[in-house]
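**Q** Give me a 3D structure for the following:
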Amino acid sequence: MAGDAQTTIQRLLGELEGGNRAALDALFPLVYRELSELAHRLRGGWRGDFTLNTTALIHEAYLKLVDRRLHAEGRAHFLALAAKAMRHILINYARDRKARKRGGTAEMLPLDEALLVSGQGGLSPRQADELVALNDALHALEQIDPRQSQVVECRFFGGLTVDETAMAIGISPRTVKRDWAVAQAWLARRLEGVS
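**A** Purely as a prediction, here's the structure:
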């Protein structure tokens, strides 16, 4: 990202933190491409209906961010907050989908395959179950180690790099790598046998 754009983003984040709600409107177009890539990654594995496409997910996240007072310390932190908003939207969508599902058992996807299959459409019942199970496991991990849960949220849901995750959370890249490895192993054990 160009230096001028980065400076503008930083200034707008400061204004947003200071209570200037209009700053989010100015910030949104500057980070739209990154939000679109994030939403595309999160939404990429869905099949079925088209009611929650990538654009809808971005705009739902924007509305969610507008409704709260943001404290973002930089671009990476803002993207982490956007990833959290998108995660909540996806979880609500998955829970609604799961509530409508009639019977059947869900086969779990491996953690690293979840939401990564290309294509468009809505969540399959299996993917809805996987997403809800992952969210429940993340809530359990958050009770044990909130920082590891944040790392997973940034890396898995946000698609942030190790360095971006470190900046967003305020820890070293080495700690991110360690937390990411430990959290992945813990989540894999937690999700094993869940259907």
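
**Q** which stretches of this protein have low pLDDT?
**A** Along the chain, the parts satisfying pLDDT under 70 run over 1-3, 42-52, 69-70, 97-124, 193-195.

**Q** now do 50
**A** The model of the chain has pLDDT under 50 over residues 47-50, 102-121.

**Q** Okay, helices next: where are they in it?
**A** For the chain, the helices defined by DSSP state H occupy 3-17, 22-43, 54-66, 75-100, 125-144, 146-152, 162-169, 173-191.

**Q** now those as JSON lines including mean neighbour count?
**A** Placement of C-beta: from N, CA and C, glycine included. Shown next, in JSON lines, are these (neighbours: other C-beta atoms under 10 Å):
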{"stretch": "helix 3-17", "mean neighbour count": "15"}
{"stretch": "helix 22-43", "mean neighbour count": "17"}
{"stretch": "helix 54-66", "mean neighbour count": "17"}
{"stretch": "helix 75-100", "mean neighbour count": "20"}
{"stretch": "helix 125-144", "mean neighbour count": "19"}
{"stretch": "helix 146-152", "mean neighbour count": "21"}
{"stretch": "helix 162-169", "mean neighbour count": "20"}
{"stretch": "helix 173-191", "mean neighbour count": "16"}
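
**Q** Ignoring the adjacent residues along the chain, who's closest to residue 186?
**A** residue 141 (6.2 Å; C-beta to C-beta, 6 or more residues apart in numbering).

**Q** Who are the contact partners of that neighbour?
**A** Going by C-beta atoms under 8 Å, 6 or more residues apart in numbering, residue 141 touches 148, 149, 152, 183, 186, 187, 190.

**Q** In a markdown table, list those along with distance to residue 53.
**A** Compiled in a markdown table, those are given as follows (distance: C-beta to C-beta, whole Å):
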| residue | distance to residue 53 |
| --- | --- |
| 148 | 31 |
| 149 | 28 |
| 152 | 25 |
| 183 | 30 |
| 186 | 33 |
| 187 | 28 |
| 190 | 31 |
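
**Q** now, which of these sits nearest residue 76?
**A** Within the contacts of residue 141, proximity to residue 76 (C-beta to C-beta) peaks at residue 152, which comes in at 15.5 Å.

**Q** any idea how far the residue lying closest to residue 169 once chain neighbours are set aside is from residue 139?
**A** Among residues not flanking residue 169 along the chain, residue 150 sits closest, at 5.3 Å (C-beta to C-beta, 6+ apart). Per C-beta to C-beta, to the nearest Å, residue 150 is found 13 Å from residue 139.

**Q** ok, now residue 173?
**A** Residue 173 is 26 Å from residue 139, by C-beta to C-beta.

**Q** now, which of the contacts of residue 141 sits nearest residue 83?
**A** If you rank the contacts of residue 141 by distance to residue 83 using C-beta to C-beta, residue 152 comes first, at 10.5 Å.
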